[in-house]
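Chemist: what's the 3D shape of this:
(2 chains)
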Amino acid sequence: MTTLAHIGHWTNIFVYLAPVIVVALVLWWSGRREARRERGDGSSRAASPPCGTVAPGPGELADPGDGAAEAEADGDVAPRER
Amino acid sequence: MARAARLSLAALAAALAPPLALPASALAHGISQRADLPIPEWLFAWAAALVLIASFAALAVLWTSPLLERVRERPLLRVPPTLETLAGAVGVAAFAAVVYAGLAGSQTATANLAPTTIYVLFWVGVPCLSLLLGDVFRAFSPWRAVGRACGATARRLAGGSLPEPIAYPRKLGRWPAAVGILAFAWVELVYAGREDPSTLALLALAYLVVMLTGMSLFGVEAWTRNADPFGVAFGLVALLAPLRWSGGRAYLRPPLVGAPRMAEIPGSVALVVVLIGSTTFDGFSQGGVWTGADGLAARLADAFGSLGLGRESAVQAGYTAGLLAIVLLVAALFRLGVWGMRSVGGSSLGSTELARRFAHTLVPIALAYLVAHYFSLLAIQGQAIGYLASDPLGDGSNLLGTAAWTVDYGLVGAGAIWYVQVGALVLGHVAGLTLAHDRALATWSDRRRATRSQYWMLLVMVAFTCLGLWLLSAASQ
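Modeler: Here you go, the predicted model:
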């Protein structure tokens, strides 16, 4: 029983860490599976545009009217990178 | 994607079985339990993880295009310019009162107005107010008010024209704000004289001098919007608010939608990471792993002591190392999420640029950590302002007739505090997840790829949530 009692020290950390580990494992496995399926799909999937090349950045999308982008309206000195 | 979320939910449920099957005696050590909670504290972490996964699945299925990048605001009311001047005068008067109380009043921390005002009302209360009312601190900021007054006076004396201020360096961005918040966190969590009223008053004056110097060089607005640590930090929280104040007008908008408008400038990630990291260290430094007889604090103090430092310096050096390590750990966790996003999406964006694009997703988490860790402080210690305002120097005066007020420690029970803490953490992380999902849809044109990139952010959010709840649980032991 004494040995069992000390398990508590480790379970205290483990029970909080466990959801992270479980989610990590499932997402890793799922991501790998989807990537493999995409590769299997061949050229049709490969034709999708790469990240960051199509969608506009937040500054470009911001409404120029009354509710102008917080960054511009607030006069941030350093301009957007994009 | 929904399949991945379903699998995660099922796996979490299955993994719950072994800990629940352990005999109670096995959990006798290490896991404390508030008496008035119906389930063990650790189960809240699991429940929070499940809520995040369910939110992620719902976002993936129902939120198919970026909705937060273009949101119209509705003009609410005009604000007379005199109101800002008045607010500035109030801010300056409050600042002067705190500094005077710190220097001239009792040097007992609990009897002096300065420590409670700075650590409770200012550091915890103002962000909470900013979440509700927007960036009100900007109007009340004493250093901004003094800077504006000095500028106006100088302009009048110079006959209407002053030399243009130096252009604020683009590369500097929010880095001065990040360094300033780290310095404040060091004073609050590490420095041995952190509760000494006169020291706090002198530090406040030093802060004022630095701010005025910066404003005189780079201009009041450029400096306060980029380099004033508190102004910038409170301004970030205000991005989540339903109100925005600009150009003498107040605008109404849905909560949260201001966050995607956060300027992507250098130092943004560092600032939010420091905000989260410093609060995390505050929680960690109250737990047994740090404070135990053979805990990390004692070991580090011994290690620094063996290098020839005195006992107090060695303890402070140990705490400094702990603070920096936790900040770096939080930064590494976020970088892991960014690295994961890049690896999944075959991104053409650099990791630094991608990190800045998603930095705003950490803002609700920073606020959640702040509320979770300091809610009890605000609810309990905040009551002290009732009698401290009446007796700011602690010399027995009764200016407002409230000097006899006391702190009601039973105002909020331990159970209620725990529920507020859990609620804040879950809401903050769901908000972060939502912002990240929306930004991913705006960044990746392929929806599936955008969702897959967020697997990593989901993991980061689950990790932050569980870390936050573990810290709160450990601090209560």
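Chemist: Considering helices and strands only, name the one in chain A with the lowest mean pLDDT.
Modeler: Among the helices and strands of chain A, helix A:58-61 carries the lowest confidence by mean pLDDT, DSSP states H and E, at a mean of 34.
Chemist: where does the chain dip in pLDDT?
Modeler: Because you didn't say which chain, this covers chain A. Residue ranges of chain A with pLDDT under 70: A:1-10, A:41-82.
Chemist: Oops, wrong one, chain B.
Modeler: Using pLDDT under 70, chain B drops low at B:1-39, B:345-347, B:476-477.
Chemist: Look up phi and psi at the residue lying farthest from the centre of it.
Modeler: What lies farthest from the middle of chain B is B:Gly159; by C-alpha atoms, centre = their mean that is 43.0 Å. Backbone torsions of B:Gly159, given as degrees, to the nearest 10, read phi 80, psi 30.
Chemist: Kindly report the same for the one 4 residues further on.
Modeler: In terms of degrees, to the nearest 10, the main-chain angles of B:Pro163 are phi -60, psi 140.
Chemist: Distance check, it against chain A.
Modeler: Distance, B:Pro163 to chain A, using C-beta to the nearest C-beta, to the nearest Å: 17 Å. Every C-beta, even on glycine, is put in place using the N, C-alpha and C of the backbone.
Chemist: burial of that residue, as a residue count?
Modeler: Number of residues near B:Pro163 (other C-beta atoms under 10 Å in any protein chain shown) recorded here: 6.
Chemist: Check B:Ala475 too.
Modeler: 18.
Chemist: longest helix anywhere in chain A?
Modeler: In chain A, taking DSSP state H as the definition, the longest helix is helix A:2-41.
Chemist: Report the buried residues of it.
Modeler: Residues A:7-8, A:11-12, A:15-16, A:18-20, A:22-24, A:26-27, A:30-31, A:34, A:38 are the ones in helix A:2-41 that count as buried (16 or more other C-beta atoms under 10 Å in any protein chain shown).
Chemist: among those, which are within reach of chain B?
Modeler: Residues of the buried residues of helix A:2-41 in contact with chain B (C-beta under 8 Å from any C-beta of the partner chain): A:7-8, A:11-12, A:15-16, A:18-20, A:22-24, A:26-27, A:30-31, A:34.
Chemist: What residue in the stretch 1-150 of chain B comes nearest to chain A?
Modeler: The stretch 1-150 of chain B approaches chain A most closely through B:Glu73 (3.1 Å), counting by C-beta to the nearest C-beta.
Chemist: What residues does the stretch 251-400 of chain B have near chain A?
Modeler: Within the stretch 251-400 of chain B, the positions adjacent to chain A are B:251, B:253, B:258, B:260-266, B:342, B:344-349, B:353-354, B:356-357 by C-beta under 8 Å from any C-beta.
Chemist: Chain B: strands as residue ranges?
Modeler: Under the criterion DSSP state E, chain B contains strands at B:74-78, B:243-246, B:249-252.
Chemist: who touches the last one?
Modeler: Meaning strand B:249-252. Strand B:249-252 has contacts (C-beta atoms under 8 Å, 6 or more residues apart in numbering or on different chains) with A:66-67, B:73-79, B:134, B:242-245.
Chemist: about what we covered before: any idea how far the residue farthest from the centre of chain B is from chain A?
Modeler: B:Gly159 sits 26 Å away from chain A when distances are taken as C-beta to the nearest C-beta.
Chemist: got it, and B:Gly292?
Modeler: 11 Å.
Chemist: Drop anything exposed from the residues of the stretch 251-400 of chain B next to chain A.
Modeler: B:251, B:253, B:258, B:260-266, B:342, B:344-345, B:347, B:349, B:353-354, B:356-357.
Chemist: Return the subset of the residues you listed lying in helices.
Modeler: B:342, B:344-345, B:353-354, B:356-357.
Chemist: Which members of the residues you listed are the farthest-apart pair?
Modeler: B:Val344 and B:Arg356 (18.5 Å; C-beta to C-beta).
Chemist: Backbone torsions only: list them for the residue of the stretch 1-150 of chain B closest to chain A.
Modeler: phi -110, psi 160.
Chemist: okay, now the closest residue to B:Arg335 other than its chain neighbours: neighbour count?
Modeler: Excluding the flanking residues, the one nearest B:Arg335 by C-beta to C-beta, 6 or more residues apart in numbering or on different chains is B:Ala355, at 6.9 Å. B:Ala355 is flanked by 24 other residues according to other C-beta under 10 Å.
Chemist: what's the answer for B:Ala93, then?
Modeler: The local packing of B:Ala93 (other C-beta under 10 Å) involves 12 other residues.
Chemist: With B:Ser55 instead?
Modeler: 20.
Chemist: ok, it - contacts?
Modeler: Taking C-beta under 8 Å, 6+ apart as the test, what B:Ser55 contacts is B:430, B:433-434.
Chemist: Format these as JSON lines; extra columns: neighbour count and distance to B:Asp228.
Modeler: Formatted as JSON lines, the contacts of B:Ser55 follow (neighbours: other C-beta atoms under 10 Å in any protein chain shown; distance: C-beta to C-beta, whole Å):
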{"residue": "B:Val430", "neighbour count": "22", "distance to B:Asp228": "30"}
{"residue": "B:Leu433", "neighbour count": "25", "distance to B:Asp228": "30"}
{"residue": "B:Thr434", "neighbour count": "21", "distance to B:Asp228": "29"}
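Chemist: Considering those residues, which is situated nearest to B:Thr291?
Modeler: Proximity of these to B:Thr291 (C-beta to C-beta) peaks at B:Val430, which lies at 31.7 Å.
Chemist: Excluding residues flanking it in the chain, which one is nearest that closest one?
Modeler: In space, B:Val430 is closest to B:Ser55, 4.9 Å off (C-beta to C-beta, 6+ apart).
Chemist: What distance do you get for B:Val257 to B:Val51?
Modeler: Going from B:Val257 to B:Val51 by C-beta to C-beta, to the nearest Å gives 22 Å.
Chemist: Compare these two (neighbour count), which wins?
Modeler: B:Val257 (24 against 17).
Chemist: thought the more buried one was touching B:Val71?
Modeler: Yes - using C-beta atoms under 8 Å, B:Val257 is in contact with B:Val71, at 4.2 Å.
Chemist: The nearest residue to B:Leu275 once chain neighbours are set aside: neighbour count?
Modeler: Of all residues not flanking B:Leu275 in the chain, B:Ala366 sits nearest, at 4.0 Å (C-beta to C-beta, 6+ apart). By other C-beta under 10 Å, the residues close to B:Ala366 number 25.
Chemist: my read: B:Ala366 touches B:Ile276, true?
Modeler: Yes - B:Ala366 is within contact range of B:Ile276, at 5.0 Å (criterion: C-beta under 8 Å).
Chemist: Could you pull up the contacting residues of the nearest residue to B:Val426 once chain neighbours are set aside?
Modeler: The shortest distance from B:Val426 to any residue other than its chain neighbours is 4.9 Å, reached at B:Ala48 (C-beta to C-beta, 6+ apart). Going by C-beta under 8 Å, 6+ apart, B:Ala48 touches B:422, B:425-426, B:429, B:465-466, B:469.
Chemist: again, 10 Å this time
Modeler: Listed by C-beta atoms under 10 Å, 6 or more residues apart in numbering or on different chains, the contact partners of B:Ala48 are A:19, B:422-423, B:425-426, B:429-430, B:461-462, B:465-466, B:468-469.
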